[in-house]
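Q: 3D model of this:
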Amino acid sequence: MSQALPRIAVFGAGSIGGYLGGRLAPVADVTLIGRAKAMAVVQDDGVSVTGGSRPPRYVPASALRTATGPDAVAGADIVLITVKSADTVTAARDLAPHLDERTVVCSLQNGLHNAELLRAELPEHTVLAGMVPYNVVQTRPGHFHQGSEGALMLDDVPAARPLIATLAEADLAVQPHADMRGVQHAKLLMNLNNALNALSGLPLRTQLEQRSFRACLALCQREALAAFRAEGVEPAKLMPIPPALIPRLLRFPDAVFRRVARRILAIDPHARSSTWEDLQRGRVTEIDMLQGEVVAMATRHSLPAPASARVVELVKRAEKTPPDRRDTWTGPELLADLRAACR
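A: Coordinates of the predicted model:
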């Protein structure tokens, strides 16, 4: 008698959730829960997932369940939370009445505090912290493309083992990690480029190949690293060089950077940041959980973070401007603006 597939619900099935749901569908009973318009596309056309050094995969509508309400998590073994960080508490409260006692909840969101917020709202449930290292963009409705590489990371605890096994069976690279707090701070350090990429209007690789844009990122990272030290947090080493040295690497001349930072530039030529995608779709961004987090942390310790504060200001201005009227910044323009903010 064959063993039943694990039941996995993806709550907040946007770009990351849709991609992971599509990859997991062959090895799990997957329910995507998201906006009505997005779920209607999946019901009609299924899901296509590409990138990540894996063959493209089409998942027909018949191989996925879809829903728009939190009651669809009833009976799930695992619930993956992929909503925007600002919606975490609301999501937890909506889900709470429908979760089985045995259900494991896993946050796969940007930001530092989502797992602890979920634990506070769902004290009877096991909540895992997770980290998605790669960029995913919805290239058109129902089509999700992974534009960069890396392994998913999850809390190294026994409750995570079934999810880790299922992800591995789906050919998704995954690593348990004992210090997810350090991992999330390291991810924030790299995610500080999300807003800069959105302001540039360029594909990620094109933007990162320009020294002036990298210098903007280095300014924000230096502020973040100072705030991390004040908080007593050591960001995990997720790259060959220590986090503290990344701002120095970013300032190398373009030709040198391309030689020594191949891993950073191992990005699909068409990949964009999630902040860029949010602005293009007219959605509120997660800037408060990116440079905004750095500003909040620095403020707690009476440290300056003027470059990060200026980026927050620019992104919030962009949120209020229609895409066809929104200015994009060249690297030299943005760097001059951030340096002026730092004076």
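
Q: show me where this structure has strands.
A: 7-11, 29-33, 47-51, 57-59, 65-67, 78-81, 104-107, 126-131, 136-140, 143-146, 152-155, 174-177 (DSSP state E).

Q: Pick out the shakiest of those, pLDDT-wise.
A: Here these differ in mean pLDDT, and the lowest is strand 136-140 at a mean of 89.

Q: Now do the buried residues in stretch 41-55.
A: V41, V42, G46, V47, S48, V49, T50, G51, G52 (16 or more other CB atoms under 10 Å). Bear in mind the C-beta positions are built from the backbone N, C-alpha and C, glycine included.

Q: So which of the residues you listed is the closest to I246?
A: G52 (23.4 Å; CB to CB).

Q: Now for the nearest residue to E234 once chain neighbours are set aside, how many residues are close by?
A: For E234, ignoring the flanking residues on the chain, the nearest one in space by CB to CB, 6 or more residues apart in numbering is G182 at 5.7 Å. By other CB atoms under 10 Å, 18 other residues sit near G182.

Q: swap in R310?
A: Neighbour tally, R310, other CB under 10 Å: 22.

Q: Equivalent analysis for Y19, please.
A: 29.

Q: check contacts around it.
A: Residues near Y19 by CB atoms under 8 Å, 6 or more residues apart in numbering: V49, V136, F144, H145, Q146.

Q: can you rerun that using 10 Å?
A: Shown in contact with Y19 (CB atoms under 10 Å, 6 or more residues apart in numbering): 10, 13, 47-52, 82, 132, 134, 136-138, 143-146, 172.

Q: now P242: how far from D327?
A: Per CB to CB, to the nearest Å, P242 is found 36 Å from D327.

Q: what pLDDT does Q3 get?
A: 69.

Q: ditto for the one 3 residues further on
A: The score at P6 is 96. That number is its pLDDT.

Q: Give me the neighbour count for it.
A: Neighbours of P6 (other CB under 10 Å): 18.

Q: how near is it to Q146?
A: Counting by CB to CB, the gap from P6 to Q146 is 22 Å.

Q: Check this protein and tell me which residue is nearest its centre.
A: Geometric centre of the chain, nearest residue: N110, 4.4 Å, by CA atoms, centre = their mean.

Q: Show me where the chain has its helices.
A: Secondary structure of the chain (DSSP state H): helices at 15-24, 36-45, 88-95, 114-121, 161-169, 180-200, 204-208, 211-231, 246-250, 254-260, 274-280, 291-300, 306-319, 331-342.

Q: Below-threshold pLDDT in the protein: ranges please.
A: For the chain, residues meeting the criterion pLDDT under 70 lie at 1-3.

Q: what's the domain layout of it?
A: 7-178, 189-342 (automatic domain parsing).

Q: residues touching A9, list them.
A: A9 touches 17, 21, 29-33, 65, 67, 70, 72-81, 95, 98-99, 103, 105, counting by CB under 10 Å, 6+ apart.

Q: Can you tell me which of the buried residues of stretch 41-55 lies closest to E319?
A: V41 (24.8 Å).

Q: So the closest one is in contact with F144, correct?
A: No - with contacts counted by CB atoms under 10 Å, V41 stays clear of F144, the gap being 11.4 Å.

Q: which neighbours do these two share?
A: With CB under 10 Å, 6+ apart, V41 and F144 have common neighbours G18, V47, Q138.

Q: Quick check: the first one touching R140?
A: In this case it means G18. No - taking CB under 10 Å as the definition, G18 is not a contact partner of R140, at 11.7 Å.

Q: who touches both of those two?
A: V41, S48.

Q: my guess is I33 meets L64, correct?
A: No - using CB under 10 Å, I33 is not in contact with L64, being 11.0 Å away.

Q: Compare those two (neighbour count), which wins?
A: I33 (28 against 23).

Q: so what's E286 up against?
A: Contacts of E286 (CB under 10 Å, 6+ apart): 84-86, 109-111, 191, 194-195, 274-275, 278, 292-293, 315.

Q: hmm, which of those are the buried ones?
A: 84-85, 109-111, 191, 194-195, 274-275, 278, 292-293, 315.

Q: Tell me who's in contact with L163.
A: Counting by CB under 10 Å, 6+ apart, L163 has contacts 6, 8, 24, 28, 77-78, 80, 104, 106, 128, 130, 152, 154-155, 174.

Q: For the closest residue to R310 other than its chain neighbours, give its distance to M297.
A: Leaving aside its sequence neighbours, R310 sits nearest to A341 (CB to CB, 6+ apart; 3.9 Å). Separation of A341 from M297 (CB to CB): 18 Å.

Q: ditto for R317
A: 23 Å.
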